[in-house]
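> A structural model of the following input is requested.
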Amino acid sequence: MSITNSTENQIPWNKGKLVGQKAPLKPPEVWAIRVRLQLADDKRDLALFNLAIDSKLRGCDLLRIRVSDLRMGGEIRSRAKILQSKTGNPVQFEVTKCAREAIGEWCSFKKLRPHDWLFPSRKDRNKHLTTRQYARLVERWIGSIDLPRSSYATHSMRRTKATLIYRKTGNLRAVQLLLGHTKIDSTVRYLGVEVEDALALAESIEL
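This next block holds a predicted model:
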């Protein structure tokens, strides 16, 4: 009796899926999702969505934020610093007014304490939301404004503000710092910036 190689029957993870970079959201799309979450009075998702856009963090780091990382006393900080799990380096980000308000309302509604996860699991408060759950939420947000779900994912949240900053300023170094990339090349690839674009930007600046 022959033994069948188990790998022969395995289905590739990316079969039937679009792979590669996912599209960032445009400002009108950000507002459209935000308004729908506000109208639904979905405090958790509104806080999570706003913070995802502001922080530009990877999903794994976003979900590991504790209340004390953002709140000092009764106030939500306007800036925060998080240690990245991938690189071990800290990254700083701004927390805009709408995000601070949404986070504050969520913390009060959920009665979260300083050491609690900001986005705890509904089944066990000692655990935070998983990246899989976050991916499903992003898919739902995208679907709520009729965007093609195959074109967007959790990295769309990370890329949205970074892409907008780059397009408005052309400042790759600033975006590199905000994303926590150790190399500028990583930022260039992440934003989909062509080398020629980068060189053109450099040539346009005279010293």
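> Just say helix, strand or coil for residue 109.
Three-state assignment for residue 109 (DSSP: H, G, I helix; E, B strand; the rest coil): helix.
> which ones are touching it?
Counting by C-beta atoms under 8 Å, 6 or more residues apart in numbering, residue 109 touches residue 43. (Glycine included, C-beta is placed from N, CA and C.)
> do the same with residue 110
Here residue 110 is in contact with 43, 44, 120 (C-beta under 8 Å, 6+ apart).
> The second one reaches residue 105, doesn't it?
No. Because the distance of 9.9 Å does not satisfy C-beta atoms under 8 Å, residue 44 is recorded as not touching residue 105.
> Compare these two (neighbour count), which wins?
The neighbour comparison of residue 44 against residue 105 (other C-beta atoms under 10 Å) goes to residue 44, with 19 against 15.
> Quick check, pLDDT for that one.
At residue 44, the model reports a pLDDT of 98.
> what's the spacing between it and residue 128?
Counting by C-beta to C-beta, to the nearest Å, the gap from residue 44 to residue 128 is 12 Å.
> Give me the common contacts of the two.
residue 119.
> Convert the C-alpha atoms of the helix or strand where residue 167 lies to PDB, please.
Assigned by DSSP states H and E, residue 167 belongs to helix 154-169. The C-alpha coordinates for helix 154-169 follow below in PDB (Å, rounded to 0.1, in the frame of the first residue of the first chain):
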ATOM      1  CA  THR A 154      -6.000  45.200   7.000                       C
ATOM      2  CA  HIS A 155      -2.900  46.700   5.400                       C
ATOM      3  CA  SER A 156      -5.200  49.200   3.600                       C
ATOM      4  CA  MET A 157      -5.800  50.700   7.000                       C
ATOM      5  CA  ARG A 158      -2.000  51.000   7.600                       C
ATOM      6  CA  ARG A 159      -1.400  52.400   4.100                       C
ATOM      7  CA  THR A 160      -4.200  55.000   4.000                       C
ATOM      8  CA  LYS A 161      -2.800  57.900   5.900                       C
ATOM      9  CA  ALA A 162       0.800  57.100   5.000                       C
ATOM     10  CA  THR A 163      -0.100  57.200   1.300                       C
ATOM     11  CA  LEU A 164      -2.000  60.500   1.700                       C
ATOM     12  CA  ILE A 165       1.000  62.100   3.500                       C
ATOM     13  CA  TYR A 166       3.400  61.000   0.800                       C
ATOM     14  CA  ARG A 167       1.100  62.300  -2.000                       C
ATOM     15  CA  LYS A 168       0.700  65.700  -0.300                       C
ATOM     16  CA  THR A 169       4.300  66.200   0.700                       C
END
